[in-house]
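J.: Build me a model:
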Amino acid sequence: MHERAPFHIKALHGFTGSVGNLVFVVFELFVLFFYQRVVGLDGRLVGLAIFISLVVDALTDPIIGDWSDRLRARFGRRHTMMFGSVLPMGLFFFLQFTPPSGLSQQGLFFWLLVMSVGARVMLTFFDAPSAAVTAEVAVRPADRAEMGIYRQVAGLLAYLGVLYLAFSVFFSTTEAFPVGQENPAAYAPFGAAAAIALMVFMVVASAGTYRHIRRFERGLPPPKKTRFDWMGTLRAWSELIFRMRNTRALFFGLLLATTMGSCFRSLNLHFGPYLWGLSTEQMQAWQQAVPYGMLAAAIGARFIVTRTEPKYLYLAGYCVLLTAYVAPLFFTLAGWLPEYASAQLGNVLFGFQLLAGLGAGLLMICSLVMFSETTDEYRFMRNVSRTALIFGLITFGNKLASGVGKVVSGWMLERVGFPDVKSGVDVSYEVVSNLALYAGMFCAVTGLAGFAVLSTFQLTRARHAEIVAGLRDRDRLVQSAGSG
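T.: Numbering: from 1, shown residues only. Here you go, the predicted structure:
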């Protein structure tokens, strides 16, 4: 665990970033818009279905993570789950965009609910063990930061690929659909292409680390063959939140921060064409700014993260991200941005999205280091490795918050009376400006609260160095006792 990780292992593991970014872009940008604006499902029901699926997903994260820690299987405790999730994940992901015609509001709700729950749970069977692999490949902060960069590069390619497929191929502007993403016939082929790409990324990421992690696992004592203890998992989860200060700070801080981001991102397809008058081409360029900014920040952070406290870089990135989300909405309402549908406005919005990407890139790299260091802290304090459980808990907070953000977004859409395509009613500026006001106020409040909570994180670089030294000394003693 303490050796330098090989380059090809870190690079291939980076394809987990492709999996995460592909799912992220599709769920964050297209699902809410497709069901509310295109299919005509009540926005509150869309938000509720997504919320329930994310709650189920979030609740299974620590459980599946703990199961992965205990699993004994032919292909290993991590990769058995990772390989087994590929085909079901692709199927549920595709079916989400192909609801049968003629379904009632209730039928559409249950179709979205079942497919979303299925896709989310299958993703957890991949994500929970692959997150543990991230910490188990190497312990050196530089290696972990480099792994974050490879994740960013692979994620950038997936992000840009999805945006290209969406806006240049499937949702391109036509005479019948000037706003290309309103075309209902485009979603089934889009879902199929995204599902195939997703499965390829999952296979590459799993196969790339299989041999390395299997060698690592052979050096561990075999897990005890016991029945799965649901209450034990919940007790361990409770301990992480209420007795581990740094884990608690990350959990509640990210809960608020991710709620803010989820609300803003899920409404992007509503703001782009209707609040700012962006064309399909401008929408694609606007969304592409985020991964470019993320990659630039990730590369820069690689050379800074070992020289300063990750917490300070994290909070700096957080401030940039909060500003990039909230400022365009309030500036629009105040009349401080360029003219509606102008090229200048598109350039300004591109700049804000680039800032959002820079902030998110800093958060990605620093959070990877901070999360991994909390797993080392727990192992040092409790003398037991619960890596997947801890990563599952952090993911639980993110997914729960994402669900809350979707519920709030769906409520806002119905509150302002945002029409669907089938109604034949145009979207008025009054409706979309009210939506911007609600979203801006909500994002500002939750974002500031998240910043305050994350500021309480106290695991310093010096303390982590002491922890790593202590773990090495302990491992040597165990090995000496075993050889004796």
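J.: what's the first-to-last distance across stretch 411-423?
T.: 19 Å (Cα to Cα, to the nearest Å).
J.: In it, which of the residues would be classed as buried?
T.: Neighbour counts over stretch 411-423 (16 or more other Cβ atoms under 10 Å) mark M412, L413, V416, F418, P419, D420, V421 as buried. Placement of C-beta: from N, CA and C, glycine included.
J.: any idea how far it is from the chain center?
T.: 26 Å (Cα atoms, centre = their mean, to the nearest Å).
J.: average pLDDT for it?
T.: Computed over stretch 411-423, the mean pLDDT rounds to 92.
J.: now what about it, what contacts it?
T.: With contacts defined as Cβ atoms under 8 Å, 6 or more residues apart in numbering, stretch 411-423 is touched by 36-40, 42-44, 47, 182, 184, 267, 270, 425-427, 431-432, 434-435, 438-439, 442.
J.: buried ones in the longest helix along the chain?
T.: The longest helix of the chain (DSSP state H) is helix 343-382. Within helix 343-382, the residues scored as buried using 16+ other Cβ under 10 Å are 345-346, 348-350, 352-380.
J.: quick check: angle from the next helix or strand after that helix to helix 343-382?
T.: Going down the chain from helix 343-382, the next helix or strand is helix 387-415, by DSSP states H and E. If you take axes from the mean of the first three to the mean of the last three Cα atoms, to 10 degrees, helix 387-415 sits at 150 degrees to helix 343-382.
J.: so how far is the next helix or strand along the chain from helix 387-415 off the chain centroid?
T.: Using DSSP H and E, the helix or strand that follows helix 387-415 in sequence is helix 429-454. Remark: helix 429-454 is offset 20 Å from the chain centroid, using Cα atoms, centre = their mean.
J.: Packing partners of helix 429-454?
T.: In terms of contacts (3 or more Cβ pairs under 8 Å, 6 or more residues apart in numbering; DSSP states H and E), helix 429-454 is packed against helix 245-266, helix 268-275, helix 310-334, helix 387-415.
J.: most tightly surrounded among the ones you listed?
T.: Highest mean neighbour count among the helices and strands packed on helix 429-454 (mean count of other Cβ atoms under 10 Å): helix 387-415, with a mean of 25.
J.: could you check the angle helix 268-275 makes with that helix?
T.: Using the same axes, to 10 degrees: helix 387-415 against helix 268-275 is 30 degrees.
J.: Next one: M147 from V369, what distance?
T.: Distance check for M147 against V369: by Cβ to Cβ, to the nearest Å, it reads 10 Å.
J.: related to what we said a few turns ago, out of the helices and strands packed on helix 429-454, the one nearest T16 is which?
T.: With Cβ to Cβ as the criterion, T16 lies closest to helix 387-415 of the helices and strands packed on helix 429-454, at 11.9 Å.
J.: can you give me the angle that closest one makes with helix 429-454?
T.: Using the same axes, to 10 degrees: helix 387-415 against helix 429-454 is 150 degrees.
J.: how much does helix 387-415 deviate in direction from helix 245-266?
T.: Using the same axes, to 10 degrees, helix 387-415 lies at 40 degrees relative to helix 245-266.
J.: Nearest to Q458 among the helices and strands packed on helix 429-454 would be which one?
T.: Taking the helices and strands packed on helix 429-454 one by one with Cβ to Cβ, helix 245-266 is closest: 6.2 Å.
J.: so what's R245 scoring on pLDDT?
T.: 85.
J.: and the helices and strands packed on helix 429-454 as JSON lines, adding distance to V203?
T.: Listed next are the helices and strands packed on helix 429-454 as JSON lines, based on distance: least, Cβ to Cβ, whole Å:
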{"stretch": "helix 245-266", "distance to V203": "28"}
{"stretch": "helix 268-275", "distance to V203": "30"}
{"stretch": "helix 310-334", "distance to V203": "32"}
{"stretch": "helix 387-415", "distance to V203": "21"}
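J.: Relative to A192, which of those helices is closest?
T.: From those, taking Cβ to Cβ, the stretch that ends up closest is helix 268-275, at 20.2 Å.
J.: Residues contacting the closest one, please?
T.: So helix 268-275 is contacted by 28-30, 32-33, 37, 179, 181, 278-279, 282-283, 286-287, 329, 332, 413, 418, 427, 429, 432-433, 435-436 (Cβ under 8 Å, 6+ apart).
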